[in-house]
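Asks: coords below, sequence missing:
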């Protein structure tokens, strides 16, 4: 028997959840006080969006949930955007949201608000624990739901009196979730599609099959049957680099994705969603599967994607087929004036073994895939839900989970400012994180979007909404303000030197990479170049795209 | 006829809403593109919490709503905490939340989420506009609801195709809301209470009666009847300074508020809530009206508080009573090592005429009321909803509304980091804002709260959750990173000099006031001192409190 906070923490620990990203207030003080009598690691952040993004990054690398500790509805609100990204990433997470004491809620105190309603936007399971006796079993249920396929977010609301009350009992074990494979009927149907002669088939891989085991299996399928391999646009975690199969990602821009998908008769989807446009645009299609292409889903989200993929490999007789592995190959170091592509090139040239990349570089990262394809093996974590401000927190949480793994955070200037408080916690925890800010003084992607929605003749008031140049943001000063060593690079030589230093010295570093906003005034007819950059599309397709898009 | 975005903006302008705090994304690009063909001022922020807090501060000073422009459910989530503060402040606001095109929502794109559900936490009125033809009338209804007493938040969700579609029509005028006074029965009942001999009565003033007109009327009542004047704990806008009645605020700490309210037979409340504890604490009362004290509410939130107060003044025959006005009186400039009290003293000594103070100084601001009581007239804006990260955005929005009024933002270090991006927009808009960061290297208030909840024997893990010293945050570097002139002050002399400079030079300045965390390890028996500091409580009451709390 213990107080509610202790019973809750002990239940989390009994299920292996030993890390909690926090920003507590008064209503969470008993949880805070209970930290010292347990093995729970509480990691303070300066803003809840950092805590929730970190729990996402942590889960991607640790492959188990972290907990968060947030202060009432407003703390949850501050964490909501990165909880959204985590929900779309399908990572497990257990949120603990402190609340007023049950008997205090009637008074509508200043911080009183409807927490469950906010939580509903991001949580698959929500419960307000109403008594100390039940806190252990409530927590166990939260954990079980978070861990069940598809991994998801549980939100447990903890009133202060339930936390400080006596009579709590921790739950020892939460059953490990069991998932079923796809039915033999489905597996055999898809095997038949893959083996059919004269038809073009593509495989679209997602969530659980983008790590080594799944990639090898998928490559066997592709080599055996001639199917093309694609990865979803924004993978939660994609293992890449020399020695692994290289998979082309579906492009963010619908104009490009359409070309990638042209000509396929069948699209076999494994643990991903059907390709759609990120946004809608006047007169353009939202659903990107070409007319006449048949979609086959191997699994539903509750099933065992990896097991089903192995069964599919067997069904097409590809167990012994050699997968096609990426050769080790790095680009040369860049020279001359710095631009975004050269930053990506330098990263490809210098990145250390076993790195983690958190990529929220937006437009500036288009050359990253080609530059790092043959680099040493690494994990790539991307912006799964489209809510910016995720790159730094995810890098932070991933670095906690990765222990000594070198971590690289690639962020646009606009994105970096959303959760810039992350730098403080990275310094506090002495993590080996290299932050690279692509500082192009604008929300560059919106210059493209302004044109894509048909609003290209924008006036000065509209353009000022995309402009980050007045005043210019000096990320070196921002980093120093939070104790992080930092330097600016305006030439490739300066960048190479700064990057070498950051990779060679342990601990955090920031590089403010001042790059031109290359896509300002970009016309859509320039997109084939961009497409080539993203995925090394063979030139015939690039030509077809050019023909299609150019007026 | 125009597109939806134009019709919406024109409807806002027709009702005098000419300022919009923004952070747009792709789904809002038509609204952005429409700015240039209208008189709407779009003010870009780097984070939605800055936009919503600014709209709050703007409404407090302009006494009319601003609009916000936010990007889908995640943008709304980022703005939620300051929308919560605005809701509790009862200020009017019209949120425009861009959404995916109506036909795109079926595809569950990465940024898709349930916006209405999130909005419900903070909005009294929510509508998703479903056609361009209706956007004008939908906007008019949003405006009408926001402006009706009690002022509140409307959230209008604008799908991208409704925005870009043709066939929109602006609504010319939205009817001005009419509110009723309290009934004569209520007014006469309360007049009788006030005039009754031998009973002690206090008046608790809130929201609409804390500006000059209401304060003068309330002071007449007090002078005529001997009633004591109190203001609510966290006023939306309190006019203070020489030439105005000085009103004692109810204390944040329930232990103090209890003493302030002791001995009253009647509590007459005018546009405020009954006094309650901010949080619940084990074994302590949440409801702070003493046993045996009768509460009388003059108005309900939908009624005309100011008109009803005037009627009450007539009913007790106090129209000709002289109000008691605060004499002009400033403290001397402080000297010696800097602490929080000396910062408040210097502000009282130097603050310019007609200033606006946004106060989120938390524990560091306890001496502000006594130090500024006799300073030149000013507006005080406080943390109405308890969600930190409001002080900087509110100062920013208030400065926009106040045009050339000097604005002072007082923020704790922990609070400042929540929405530090505000500095950039303050610089961009060249506002005369002086930011003073009370940098005590901790969430100092939580040291008190840890003790108040009975968890005072905290271990090192618990204490590290309140500590902001590793690494120390250098606010001068942070300010410089966003183009704001800044300096550090460690002595009173340095602070006085920096403050003079900030007040004398136009444009923004930041002062990083390095002060000790005075409340670390504070025991509750020290509270009478604190209480005295807050409200200049006469010493007999302070003694009574000491006796009551000390073991």
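Replies: Received it, and whenever you're ready, just let me know what you need. All values derive from a computational prediction rather than experimental measurement.

Asks: for residue A:494, pull up the helix or strand it's in.
Replies: Assigned by DSSP states H and E, residue A:494 belongs to helix A:492-504.

Asks: kindly report the same for residue A:473.
Replies: Judged by DSSP H and E, residue A:473 forms part of no helix or strand.

Asks: who touches whichever helix or strand comes after the helix holding residue A:494?
Replies: As assigned by DSSP H and E, the chain's next helix or strand after helix A:492-504 is strand A:509-514. Outside strand A:509-514, the residues that touch it by C-beta atoms under 8 Å, 6 or more residues apart in numbering or on different chains are A:338, A:340, A:343, A:423, A:433-439, A:474-476, A:479, A:484-490, A:495, A:498-499, A:501-502. In this view, the C-beta of every residue, glycine as well, is placed from N, C-alpha and C.

Asks: in its sheet, what does strand A:509-514 sit against?
Replies: Strand pairing for strand A:509-514, determined by DSSP bridges: strand A:433-439 (parallel), strand A:486-489 (parallel).

Asks: follow-up on the earlier one: and the helix holding residue A:494, what's buried?
Replies: Buried residues in helix A:492-504, counted by 16 or more other C-beta atoms under 10 Å in any protein chain shown: A:492, A:493, A:494, A:495, A:496, A:498, A:499, A:502, A:503.

Asks: check stretch A:199-208 too.
Replies: Those would be A:201, A:202, A:203, A:204, A:205, A:206, A:207, A:208, for stretch A:199-208 by 16+ other C-beta under 10 Å.

Asks: for the fifth one, give me the pLDDT.
Replies: With respect to pLDDT, residue A:205 has a value of 98.

Asks: next up, phi/psi of it, please.
Replies: With angles defined as degrees, to the nearest 10, residue A:205 sits at phi -100, psi 140.

Asks: what's across from it in the sheet?
Replies: residue A:231, residue A:270.

Asks: before we move on, what about the first one?
Replies: When bridges are taken as DSSP bridges, the partners of residue A:201 come out as residue A:266.

Asks: my read: it touches residue A:224, true?
Replies: No. Applying C-beta atoms under 8 Å, one finds residue A:201 not in contact with residue A:224, separated by 11.6 Å.

Asks: and for those two, which residues touch both?
Replies: residue A:194.

Asks: what residues does the stretch 151-300 of chain A have near chain B?
Replies: A:160-161, A:164, A:233-234, A:273, A:276-280, A:282, A:286-287 (C-beta under 8 Å from any C-beta of the partner chain).

Asks: okay, now the domains of chain A?
Replies: With domains defined by automatic domain parsing, chain A comprises A:2-168, A:184-315, A:340-464+A:481-520.

Asks: let me have these in JSON lines, extended by distance to residue B:305.
Replies: Formatted as JSON lines, the domains of chain A follow (distance: least, C-beta to C-beta, whole Å):
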{"stretch": "domain A:2-168", "distance to residue B:305": "18"}
{"stretch": "domain A:184-315", "distance to residue B:305": "46"}
{"stretch": "domain A:340-464+A:481-520", "distance to residue B:305": "38"}
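
Asks: mark which of the contacts of strand A:509-514 are buried, thanks.
Replies: Buried members of the contacts of strand A:509-514, scored by 16+ other C-beta under 10 Å, are A:338, A:340, A:343, A:423, A:433-439, A:474-476, A:479, A:484-489, A:495, A:498-499, A:502.

Asks: circling back to that earlier point, highest mean neighbour count out of the domains of chain A?
Replies: Mean neighbour count, computed with mean count of other C-beta atoms under 10 Å in any protein chain shown, is highest for domain A:2-168 among the domains of chain A, reaching a mean of 25.

Asks: tell me which residue lies farthest from the centre of chain A.
Replies: In terms of distance from the mean C-alpha position of chain A, residue A:107 ranks first, at 40.1 Å (C-alpha atoms, centre = their mean).

Asks: just give the nearest non-adjacent residue to that residue, would you?
Replies: Nearest residue to residue A:107 in three dimensions, chain neighbours excluded: residue B:276, at 4.2 Å (C-beta to C-beta, 6 or more residues apart in numbering or on different chains).

Asks: on that earlier part again, let me see the mean pLDDT of the helix holding residue A:494.
Replies: Mean per-residue pLDDT for helix A:492-504: 98.

Asks: cool, and stretch A:324-332?
Replies: 97.

Asks: endpoint to endpoint, it covers what distance?
Replies: Criterion C-alpha to C-alpha, to the nearest Å; first-to-last residue distance in stretch A:324-332 is 24 Å.

Asks: now do the buried residues in that stretch.
Replies: Applying 16+ other C-beta under 10 Å to stretch A:324-332 flags A:326, A:330, A:331 as buried.

Asks: and these as CSV, adding secondary structure and distance to chain B?
Replies: Formatted as CSV, the buried residues of stretch A:324-332 follow (DSSP: H, G, I helix; E, B strand; the rest coil; distance: C-beta to the nearest C-beta, whole Å):
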residue, secondary structure, distance to chain B
A:326, coil, 27
A:330, coil, 31
A:331, coil, 30
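
Asks: could I get the average pLDDT for stretch A:147-158?
Replies: 94.

Asks: same thing with stretch A:42-61?
Replies: The average pLDDT for stretch A:42-61 rounds to 98.

Asks: return the distance of it from the chain's centre.
Replies: Centroid separation for stretch A:42-61 versus its chain: 12 Å, with C-alpha atoms, centre = their mean, to the nearest Å.

Asks: show me where pLDDT drops low in the stretch 101-250 of chain A?
Replies: Counting by pLDDT under 70, the stretch 101-250 of chain A has no low-confidence residues at all.

Asks: can I assume residue A:285 sits in a strand?
Replies: No. Read with DSSP: H, G, I helix; E, B strand; the rest coil, residue A:285 is coil and lies in no strand.

Asks: and it, what does it touch?
Replies: Counted by C-beta under 8 Å, 6+ apart, residue A:285 has contacts A:254, A:258, A:277.

Asks: how much space between it and residue A:274?
Replies: 12 Å (C-beta to C-beta, to the nearest Å).

Asks: please apply the same query to residue A:115.
Replies: 34 Å.

Asks: same thing with residue A:321?
Replies: Where residue A:274 is concerned, residue A:321 sits at a distance of 27 Å (C-beta to C-beta).

Asks: next one: residue A:373
Replies: Distance from residue A:373 to residue A:274, by C-beta to C-beta: 26 Å.

Asks: next one: the residue nearest in space to the middle of chain A, what pLDDT does it get?
Replies: Centroid-nearest residue in chain A: residue A:382, 3.7 Å away (criterion: C-alpha atoms, centre = their mean). Note for residue A:382: predicted pLDDT of 97.

Asks: if you skip the residues just before and after it, what's nearest to it?
Replies: residue A:234 (4.4 Å).

Asks: ditto for residue A:227
Replies: Closest to residue A:227 by C-beta to C-beta, 6+ apart is residue A:201, at 4.5 Å.

Asks: residues in contact with that neighbour?
Replies: Residue A:201 touches A:193, A:194, A:225, A:226, A:227, A:228, A:264, A:265, A:266, A:267, A:268, counting by C-beta under 8 Å, 6+ apart.

Asks: with that, I have no additional questions.
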